[in-house]
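Asks: Generate coordinates for the sequence data below:
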Amino acid sequence: MREGLFYRWPLTVANMDPGLAYLLHLIRIYLLRGHVWWHMPLVLTMAYTLFVRERLLDNALFDSYPSPLPRIKRRCNDPVLGDGYIGCFEASMLTDYGFDEQFLAPVTPKDCIARCKTNMFPYAALQKGKSCYCGMWYESEKKVKECKCRKKCKGNKKKRCGGAHHASLYNTYFCTEIMKAARTIDGTCNDLNNTAAGSRFYRFGRNVPLKYAHSNPGNLFKPDPRILARKLLKRKNFLEVPWLNLFAVAWVQFMVHDWFDHGTPVKENRIKLPLQKDDPLRKKMGGYMKVDRTKPDTCRTKDDSLPPAYQNDVTHWWDGSQLYGSDKETHALVRSFAHGKLKVGDDGLLPVDSKSNIDITGFSKNWWIGLSILHNLFTREHNLICDMLAKKHPDWTDEQLFQTARLINTAQIVQIHTLEWTGAILNTEFLHESQIGQWFGTLSPKVMKILKDMNVTIGSSSLPSHRGNPPDYRGVPFSLTEEFVSVYRMHSLLPDTIAVRQMDSGQPNGNKYNLPEYSFGKARRVFDDNELDDVLFTFGVEKSGQLVLHNFPTSLMELRIPRHQAGGRRLVDLATIDILRDRERGVPRYNQFRRLLNLTTPDTFEKLTNDTVTAAELREAYNGNIEDVDLLIGSLAEARPPGFGFGDTPFHLFLCMANRRLRTDRFLTIDYKEEYYTKEGLEWVENSTMKKVLLRNFPEVDGLNSAMQNVTNAFYVWNK
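Replies: Residues are numbered from 1 along each chain as shown. From the prediction side, this is the model:
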């Protein structure tokens, strides 16, 4: 789409800032002349992205729940449709944690939950079929098998109300003052008017109207996803991004593990894909590639007319859950419960699980050495923040230190991602200038001068920062979306091999690891075999892969998943699975997706890509039907601005969703203030960069400062 690539927004300027209205008029002239949007002058390109962002926030957000909601709650873990059931627990917990007995006759779970919520308790418990208790806290270690809670409720014989020595525990979704003051483990109580929004098990939303999100089982193999993977995705030669290092690769997965996880796929009704006779995996897989299905929503009913919806197994919020966990068991495992700190070993690194040989942290699926570096780095950073807070507040408890350090650590991660990682992977002037406006609510002197020369004035209220302002939900409860998951499929950033370099000389030290050798339980071996200095230096100087066709790591197309993660050692092709997952989950194909976002769509393969060879390959692979092109394939093939690490279509969705994450989170908006972060905590966040985090957490690495001294951004390639 070399010509006419633009967003079709309604040209209404009522109540618009006069300066922005004038810029919109100029943009329209440029685009109607056939210019591509990124070829416009700087301020017009910036204004274009602002208009598109606001339009998408208004028109491309859809909740996946039925409206109106069903009147009767179901026994499932969904925070909206479920009844809030947590599990069966030892009755001694009621005494240990001071649960108050409520006098209800007759007792039902619904009435007990309502009573506890009215009385401002977050938890309700039922015992002996007749007793209701309300409490403020519980411990997951007291949980037992369900068979212990089979006593019928006096008020409703169809329901179960604990047992003689055990209690049925429920969540009331009431937010106490303590819950409001910090990030909760499961993500509840961020939106105080919709306390379940964005929490663990909340459904993924959509960026397209739900009627367009139905999957079509008949088209699951059309065209064959394995053939597409082999012809269009498989790496021929490693195509590098000249300016982007391996820290940037590790970072994106570090973030993704905070944002979304569909849970462990299920073996029921596996997808069974026939393999071609010449397929090298045909013999190894017995003629068929068997792919486990996405874990289904536990609250769906057979008569549900909505498209398939899936639950997020971690919180949707940008809350550092990859470090801190999204469930009580994991959360307890990573905390030391002393001085607010997270657990580290005597060697200063995260403890290692004895069975998997993987670091013990908040989220450890799909593990590799890059994740190990970042998890160790920000675990150390959390503990450094605790030391700083303890000096300022010597009377604080472990819980106060931990919760405040988590807020500070998470906020600086958000800032690093927004201002540094994004600026590195989208390495263009208009993006860097736009970030200033988005984050700080102001314009740089350079942009102000350009506007002055154009005789254009833009009011300060037209560029509001998220910080200090009320959350902005646009009328849709917060959740991340299936389409956002889809455009974050960035496996091509990974190299197939990593050759470790010496920090003092810049030369290879002789240790070279292919992808399976630096992943899963073998990741720690890279630390064991090499000096920490050299590992960090290697990630700073080695380059990431381009997000284009023919650059998917070959190792990931024949990958053995370890037993601890998949419930059994098995062979997978992640390239094929990436295509299948979008089709299975009802993500529209490339053209349809752009159409639904009100973006222009190519009617020929030559207009999709600016490369004639690629156009021919796409035409052959998709049998001449451009409407069949998958979102992943189209996004890798399409034209993009110079300096962009990914395509135009993902960029437009990021304009919407990246801003939504910032604007909806209470702790990044109205409650980003001293009351919660402390004065010194806000200063810590606002003075932090990735370079500073690396330097203060690895003081033992002497050459680290000199290696980074000539780069403005730690995600750019360092000096060799």
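Asks: Now the helix or strand containing residue 24: buried residues?
Replies: Assigned by DSSP states H and E, residue 24 belongs to helix 18-32. For helix 18-32, the neighbour count (16 or more other Cβ atoms under 10 Å) marks 19-20, 22-24, 26-27, 30-31 as buried. (C-beta placed from N, C-alpha, C; glycine too.)
Asks: Now render the residues you listed as a markdown table, adding pLDDT.
Replies: Below are the buried residues of helix 18-32 laid out as a markdown table (pLDDT from 0 to 100):
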| residue | pLDDT |
| --- | --- |
| 19 | 91 |
| 20 | 91 |
| 22 | 93 |
| 23 | 94 |
| 24 | 92 |
| 26 | 94 |
| 27 | 93 |
| 30 | 92 |
| 31 | 90 |
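Asks: how about TSV for those, with distance to residue 64 added?
Replies: Below are these laid out as TSV (distance: Cβ to Cβ, whole Å):
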residue	distance to residue 64
19	38
20	33
22	39
23	36
24	33
26	39
27	33
30	37
31	33
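Asks: From residue 705, how far out is the residue nearest to residue 697 when sequence neighbours are not counted?
Replies: With Cβ to Cβ, 6 or more residues apart in numbering as the criterion, residue 697 has its nearest non-adjacent residue at 4.3 Å, and that residue is residue 380. Distance of residue 380 to residue 705, computed by Cβ to Cβ, to the nearest Å: 17 Å.
Asks: Does residue 273 belong to a helix, a strand or coil?
Replies: strand (DSSP: H, G, I helix; E, B strand; the rest coil).
Asks: So residue 380 and residue 705 - more neighbours on which side?
Replies: residue 380 (20 against 12; other Cβ atoms under 10 Å).
Asks: end-to-end on stretch 460-480?
Replies: 29 Å (Cα to Cα, to the nearest Å).
Asks: Tell me how far it lies from the chain's centre.
Replies: Chain-centre distance of stretch 460-480: 19 Å, with Cα atoms, centre = their mean, to the nearest Å.
Asks: Find the nearest non-adjacent residue to the residue most central in space within the chain, please.
Replies: In the chain, the C-alpha nearest the mean C-alpha coordinate belongs to residue 259, at 2.5 Å (Cα atoms, centre = their mean). Counting by Cβ to Cβ, 6+ apart, residue 480 is the residue found nearest to residue 259 once chain neighbours are left out, at 5.7 Å.
Asks: Correct me if wrong: the one you found contacts residue 314.
Replies: No. Applying Cβ atoms under 8 Å as the test, residue 480 and residue 314 come out as separate, 9.9 Å apart.
Asks: Can you pick out the residue with more neighbours from the two?
Replies: residue 314 (27 against 23).
Asks: Which residues are in contact with the more buried one?
Replies: 200, 257-261, 321-322, 326, 363 (Cβ atoms under 8 Å, 6 or more residues apart in numbering).
Asks: which of these lies closest to residue 633?
Replies: residue 260 (21.3 Å; Cβ to Cβ).
Asks: which ones are touching the closest one?
Replies: Residue 260 sits next to 204, 312, 314, 316, 480, 484-485 when contact means Cβ under 8 Å, 6+ apart.
Asks: Next: residue 239.
Replies: Per Cβ under 8 Å, 6+ apart, neighbours of residue 239: 545-546, 548, 550-551.
Asks: Please repeat the previous calculation with a cut-off of 7 Å.
Replies: 545-546, 548, 551 (Cβ atoms under 7 Å, 6 or more residues apart in numbering).
Asks: and if you look at residue 426?
Replies: Contacts of residue 426 by Cβ under 7 Å, 6+ apart are 643-645.
Asks: cutoff 10 Å now
Replies: Neighbouring residues of residue 426 by Cβ atoms under 10 Å, 6 or more residues apart in numbering: 432, 434-435, 640-641, 643-646, 651, 654.
Asks: Columns secondary structure, pLDDT and distance to residue 114 on top of those, output as TSV?
Replies: Below are these laid out as TSV (DSSP: H, G, I helix; E, B strand; the rest coil; pLDDT from 0 to 100; distance: Cβ to Cβ, whole Å):
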residue	secondary structure	pLDDT	distance to residue 114
432	helix	94	52
434	helix	92	48
435	helix	91	47
640	coil	92	54
641	coil	92	55
643	coil	94	56
644	strand	95	53
645	coil	94	51
646	coil	94	48
651	helix	96	47
654	helix	96	42
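Asks: quick one: common contacting residues for residue 480 and residue 314?
Replies: With Cβ under 10 Å, 6+ apart as the test, residue 480 and residue 314 both reach 259-260.
Asks: sorry, back to before: the contacts of residue 239: which two are farthest apart?
Replies: Counting by Cβ to Cβ, the most remote pair of the contacts of residue 239 is 545 and 548, 8.6 Å apart.
Asks: Mind listing the shared neighbours of the two?
Replies: Joint contacts of residue 545 and residue 548 (Cβ under 10 Å, 6+ apart) are 239, 241, 492, 645.
Asks: what's around the residue nearest to residue 23 when sequence neighbours are not counted, how many residues?
Replies: Closest residue to residue 23 apart from its sequence neighbours, by Cβ to Cβ, 6+ apart: residue 47 at 4.1 Å. Using other Cβ under 10 Å, residue 47 is surrounded by 23 other residues.
Asks: Make JSON lines out of the contacts of residue 260 and add secondary structure.
Replies: Listed next are those as JSON lines, based on three-state DSSP:
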{"residue": "204", "secondary structure": "coil"}
{"residue": "312", "secondary structure": "coil"}
{"residue": "314", "secondary structure": "coil"}
{"residue": "316", "secondary structure": "coil"}
{"residue": "480", "secondary structure": "coil"}
{"residue": "484", "secondary structure": "helix"}
{"residue": "485", "secondary structure": "helix"}
